[in-house]
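# give me a 3D structure for the following:
(chains A and B)
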Amino acid sequence: MNLEFSADEIAFRDEVRAFIKENYPQNAEIRGADDLTREQFLAWHKILAKKGWVAPAWPVEYGGTGWTATQRYIWSEENAAVDAIMPLPFGVAMVAPVIYTFGSQAQKDRYLPKILSGEEWWCQGYSEPGAGSDLASVKTTAVRDGDHYVINGQKTWTTLAQHADWGFFLCRTDPEADKPQKGISFILIDMKTPGIEVRPIITIDGGHEVNETWLTDVRVPVENRVGEENMGWTYAKFLLAHERSGIAGVARSKRGVERLRSLASTELLDGEPLIEDRDFARKISQLEIDLTALEFTELRTLAGEAQGKGPGPESSILKIKGTEIQQRLTELTLEAAGNYGHPYFRGFPEDGSNARPIGPDYAPASAPLYFNMRKTSIYGGSNEIQRNIISKMILGL
Amino acid sequence: MDFNFTEEQSMIRDSLARLIREKYDFDTRRAALSSELGRDAAMWAQFAELGLLMAPFSEEDGGLGGNAIDAMVVMEEFGKGLVTEPFIPSVVCGGGFLRSAGTASQKEHHLGGIMSGEQIFAFAYAEPRGRYNLADLETSAKSDGSGYVLNGHKAVVIGAPWATHFIVTARTSGGQRDAGGVSVFIVEKDAKGVSTRDYPTVDGRRASEVYFENVSVPAEHLIGEADNGLPLVEQIADEAVAALCAEACGVMGVAHKMTVEYSRQRKQFGTPIGKFQVLQHRMVDMFMEHEQSVSMTYMATLKLGESEIERKKAASAAKVKIGQAGRFVGQEAIQIHGGMGMTEELAVGHYFKRLTMIDAELGNVDHHMKRYTALSAGDVSVAAE
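Numbers count the residues shown, from 1 in each chain, chains lettered A, B, ... in the order given. Model (predicted):
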């Protein structure tokens, strides 16, 4: 056991660091995620595409980098250090593994290159108004009509569907199946197909990140189904395990703690830096200690993956603890802002006004970010669902 | 980066686990603990025979060439079996002081004895009014020309009733809590002027109050630099914290496993209670606390050799996490066992007691949280506490 990077790994880190320094687009600083334009979201993605570094986790034959788990860890650390806006997960981390694992050759050839290039933006059609944590109860139907499915139903929480070119959808193809998990198919849909309507949902932070997606008599070629008919639940579960493994967000949270420390040393309490206040300092320490525990738990998981253990139910720990920490970070940032957590300046300065926000730079975003991050313990299989998974798969209860 | 155990470490784990399973079952342990001696001394001899007591020492010191990872492996197994033998006081602390700062002659006189099990060391650092501050010392050692004269009272010295030697921290100069002026001595238990009052601890171990009254200590029994012993004391205390964390992981793992098993057997309202989601989620939380404790223990152990500030932060972070996790896992284990968890007869209560007392040893959550916070702010002097 040791924590040292090998000479090769140090060389790799230096290479990556230098590449990011030279190529990361300036002015691509993160604000609220939904404040970004499509071009801003894709700026780094397109540079990485030229370099061949969009999808480190993919098998090399499809465009992966062939990096070890440690190299991928270094990669995310280095990107987090500059708050890089990484390629979105919906294409690269979610649908692509399903396509290259279960899809046909034609599907691999058709979709994977455009996911890598950033040319096609993907969204996820899983949740429905009646199917949140109980995902298997999807009601959207896909009825066979010759070479097509005719799809009807309503999806919700479709993240960034306003920009999407394609979506992957869970649809019921056998309403008579004896269990809700049976009779579901995994279907790829061109978002420009007639009958699709995307309507914004405004969330409590005031942002437009998620949408309702209505499907009315949407005709989709049968060849757009991935894998076998009625076997979609298997693919959906596979995808969820993949989604969980990157969800810990350790590198980004470490950067977040640094930022919190630095802003808490500019805020004052009784004339002294807030960071020197015993109560507040203790909260930061607790957060950082919990983050260290998460980091080393993730490193242990990565080491296991490097030895061929796939992302298993242990990744549920990373999801639960990772999201709790992300939430606590925004909570403490809002606390640090004090009175200046109140003013609301959403949209500045894209709305073209000359009004300057009030208070410290970070403060206007602190409450909306805190509100927004409540989603993390709900999405990707709520944290209660993750506990059910551990209870069943690991504890055997 | 590598999280694998060496073949030797896996062998240590397996043979120790087998030995504990075969020779240190719950009833045997209970009988040994309630005997007059309070332990089964034959176990220690068997540990020595297995080479456990040599494991963390370098080959040039006569050991097996292992390191703190080996001690971690041993202590995790100790935790699983609630073994009360003095591996931390004697091997990690006594051996640690000698390994890090012992003179050739000190090593020659003691390291062999520690590794063979013939000498047992106890670490006398705590004082009645010093709490967890390693520098808060009223015990004094005054130079008398040829050596030192030691006076003072050391509190709750774990394993002292079984010890042949003490490592004693004492003030050779400076004010009561100054970082400077701390010195470390080897004192033979049968030296003139040393007396003890022995007692059992709530978690089944034995400890003593140790009194020094005009004890003459030869100059060659000083370990490390006179007046500048605190950095050494802190280093060894951090090594002991890492080993203690490993023990806690073993204890927590078993407490959790017992609880899950019990919830499968125990029926209420016609159903095994493990089917109730409210209990399932709590047992999942116990599982997560245990896993994170293991992660923190690896982290702290692997960082023992890093810079002073990194080492201290790592040890304190781990001790905070383990203190919190241990409290949670222990309390939930009792709660889910219900009334049965309250009985002396069931093992789970003993695991709970050990977890509780691990937090109170070598600095509790509050102590290490304060130390971590001070270190984060870059105040190394506060961190010296």
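
# give me the neighbour count for B:G305.
Neighbour count for B:G305, taken as other CB atoms under 10 Å in any protein chain shown: 12. (Glycine included, C-beta is placed from N, CA and C.)

# ditto for B:M342
B:M342 has 12 neighbours, counted by other CB under 10 Å.

# please save the CA atoms from stretch A:206-223 in PDB.
The C-alpha trace of stretch A:206-223 is given here as PDB (Å, rounded to 0.1, in the frame of the first residue of the first chain):
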ATOM      1  CA  GLY A 206     -35.300  30.400 -10.600                       C
ATOM      2  CA  GLY A 207     -33.400  28.500 -13.200                       C
ATOM      3  CA  HIS A 208     -34.400  26.600 -16.300                       C
ATOM      4  CA  GLU A 209     -32.500  23.400 -16.300                       C
ATOM      5  CA  VAL A 210     -35.200  20.800 -16.500                       C
ATOM      6  CA  ASN A 211     -38.200  20.300 -18.700                       C
ATOM      7  CA  GLU A 212     -41.400  18.300 -19.300                       C
ATOM      8  CA  THR A 213     -41.200  16.400 -22.600                       C
ATOM      9  CA  TRP A 214     -44.500  15.500 -24.200                       C
ATOM     10  CA  LEU A 215     -44.700  12.800 -26.800                       C
ATOM     11  CA  THR A 216     -47.800  12.500 -29.000                       C
ATOM     12  CA  ASP A 217     -47.900   9.900 -31.800                       C
ATOM     13  CA  VAL A 218     -44.100  10.200 -32.200                       C
ATOM     14  CA  ARG A 219     -43.000   7.700 -34.900                       C
ATOM     15  CA  VAL A 220     -39.600   6.200 -34.300                       C
ATOM     16  CA  PRO A 221     -37.900   3.600 -36.500                       C
ATOM     17  CA  VAL A 222     -37.700   0.200 -34.800                       C
ATOM     18  CA  GLU A 223     -33.900   0.200 -35.600                       C
END
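
# now residue 293: which helix or strand?
Chain wasn't specified; assuming chain A. Element membership for A:A293, per DSSP states H and E: helix A:278-306.

# sorry, should have said chain B
Here B:S293 is assigned to helix B:277-302, by DSSP H and E.

# still on that earlier bit, what's the angle from the helix holding A:A293 to helix B:277-302?
Going by axes from the mean of the first three to the mean of the last three CA atoms, to 10 degrees, helix A:278-306 is angled at 90 degrees with respect to helix B:277-302.

# show me what secondary structure element comes after helix A:278-306.
With elements assigned by DSSP H and E, the helix or strand that comes after helix A:278-306 is helix A:315-337.

# so which elements touch that following helix?
In terms of contacts (3 or more CB pairs under 8 Å, 6 or more residues apart in numbering or on different chains; DSSP states H and E), helix A:315-337 is packed against helix A:232-245, helix A:250-264, helix A:278-306, helix A:363-373, helix A:383-393, helix B:277-302.

# what angle separates it from helix A:278-306?
150 degrees.

# now helix A:315-337: how far from the chain's centre is it?
15 Å (CA atoms, centre = their mean, to the nearest Å).

# and residue 185, bridged to which residues?
Reading this off chain A. Taking DSSP bridges, one obtains A:C171 as the residues bridged to A:S185.

# not quite, go with chain B.
Those that pair with B:F185 in a beta bridge, by DSSP bridges, are B:V168, B:L222.

# measure the residue nearest the centre of chain A to A:Y379 for me?
Most central in chain A under CA atoms, centre = their mean is A:P89, positioned 5.1 Å from the mean C-alpha point. Counting by CB to CB, to the nearest Å, the gap from A:P89 to A:Y379 is 11 Å.

# go on, B:E247?
Counting by CB to CB, the gap from B:E247 to A:Y379 is 38 Å.

# re earlier: out of the helices and strands packed on helix A:315-337, which one sits most buried?
Ranked by mean neighbour count, the helices and strands packed on helix A:315-337 are led by helix B:277-302 with a mean of 23 (mean count of other CB atoms under 10 Å in any protein chain shown).

# name the helices or strands packed onto that one?
So helix B:277-302, by 3+ CB pairs under 8 Å, 6+ apart, packs with helix A:278-306, helix A:315-337, helix A:383-393, helix B:68-81, helix B:230-265, helix B:308-337.
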